[in-house]
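Undergrad: Please find the sequence and the predicted model below.
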Amino acid sequence: MTESEMTSALLDWYDRHARTMPWRTGPAEKAAGVRPDPYRVWLSEVMLQQTTVAAVRKYHDRFTALWPTVADLAAADDSEVMAEWAGLGYYARARNLLKCARAVVADHGGRFPDTHDALIALPGIGPYTAAAVAAIAFDRSETVVDGNVERVMSRLFDVATPMPAAKPELIAHAARLTSHARPGDHAQAVMDLGATICTPRNPACGICPLRDPCLARLRGTQTERPVKASKKAKPHRRGYAYVGRRADGAWLLETRPDKGLLGGMLGFPGSDWGEAPTPMPPAAGDWRAAGEAVHVFTHFRLTLTVMVADLAPVNPERGHFVPEDAFRPGALPTAMRKVHDVAAPHLSVERRHTAG
DNA sequence: CACCCGTGGTG
DNA sequence: TCACCAAGGGT
């Protein structure tokens, strides 16, 4: 089978099995030559970075309902956007999302640029996202290479070179297969194939449109591709988190600095995180331990000792009081939401509520 | 190039 | 329970 025939087989499969998604155009629109909205495509691509489609759907729905255009998003408050992103992870994406939206309005008249070079110059848009938006929204002949494409290529051509050294080779294979007639569909076809058929474990080779030319299938090496280096063990860190409430129900919270872990997100004041953290209460009070919150990040495991106190109406040394009706636990990143869930039943304001 | 940066699902 | 993983980007 020639490379051209592989491309055709892939597009034929996509025409029959493409998944329906909020940012994709339906068959009728597609037949009429309607391109998807670049804003919705860009938003989906940023949300999908290292994130599953299942997790992204509801966030994409919510964002486009609140902010239907890039100009609406550009005009939004930072804190509101960060709160809506809470739970999706990799919070630098949300900060760059706003920077990018504002740059599109300020520098491009509120319309997304339609070339790879102009897109990659925007915040939060790297090689993958620039190619994906150019191909999917503007049907540019860009080769889109993400984790799915790398896996499909490494199997199709049985590439034994370990990652990430194999990347140039995989990119070259992907470039030769790219359809110049339907680049946007081709990009999504390879990614759909990787997500539904050519999966990391237990690939469904029997129903794969590329099963005949696939070298890894021929040699039985599917599950050994791509070759990846072993991961390092995760260190264990400890820390203290302080959940304080006033009698009127206000919560003692802080907005974390933009740099670093959970940057720009709302959270509870705490100690440093390490092997032997130093207790650091953010305000004077009768602090007592309520329990522990365990959370696993990408590169370390964290156990937080959750301290609670019913606070007098004094000025805290760190953080600020947020009125009860202005606070949603859903606006917290997951690690902090776990802290909240451990603490809440131990605070007298909450006990009064549950008792009443 | 190596490391940092979240989270929820899955085998 | 646990290790691995998902449509990567920034530094």
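TA: Looks like it came in fine.
Undergrad: DNA strand C contacts on chain A?
TA: In this structure, chain A approaches DNA strand C at residues A:19, A:21, A:44-45, A:48-53, A:90, A:92, A:96, A:123-130, A:132, A:146-148, A:151, A:188, A:191-192, A:194-195, A:200-201, A:228, A:230-231, A:233-234, A:298, judged by Cβ under 7 Å from any atom of the strand. (Each C-beta comes from the backbone N, C-alpha and C, glycine too.)
Undergrad: Among those, the buried ones, what's the ChimeraX command?
TA: One line in ChimeraX is enough to select the buried ones among the residues of chain A next to DNA strand C; burial here means 16 or more other Cβ atoms under 10 Å:
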select /A:21,44,45,48,96,124,125,128,129,130,132,146,148,151,188,191,192,194,195
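Undergrad: Just give the closest residue to the residue in the stretch 51-200 of chain A that DNA strand B sits nearest to, not the sequence neighbours.
TA: Going by Cβ to the nearest atom of the strand, DNA strand B is nearest to A:Gly89 of the stretch 51-200 of chain A, at 2.6 Å. For A:Gly89, ignoring the flanking residues on the chain, the nearest one in space by Cβ to Cβ, 6 or more residues apart in numbering is A:Thr51 at 6.9 Å.
Undergrad: So which bits of the stretch 1-150 of chain A are right by DNA strand B?
TA: Counting by Cβ under 7 Å from any atom of the strand, the residues of the stretch 1-150 of chain A near DNA strand B are A:50-52, A:54-55, A:86-92.
Undergrad: Between all of the residues you listed, which two are separated the most?
TA: Using Cβ to Cβ, these span at most 22.0 Å, a distance reached by A:Ala54 and A:Ala92.
Undergrad: who's in contact with A:Leu253?
TA: A:266-269, A:319-322, A:327 (Cβ atoms under 8 Å, 6 or more residues apart in numbering).
Undergrad: Please, where are all the strands along the stretch 251-356 of chain A?
TA: A:251-255, A:266-267, A:288-296, A:301-311, A:320-322 (DSSP state E, counting those that start in this stretch).
Undergrad: Can I get those strands in JSON lines including mean pLDDT?
TA: Listed next are these as JSON lines, based on pLDDT from 0 to 100:
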{"stretch": "strand A:251-255", "mean pLDDT": "98"}
{"stretch": "strand A:266-267", "mean pLDDT": "98"}
{"stretch": "strand A:288-296", "mean pLDDT": "96"}
{"stretch": "strand A:301-311", "mean pLDDT": "97"}
{"stretch": "strand A:320-322", "mean pLDDT": "97"}
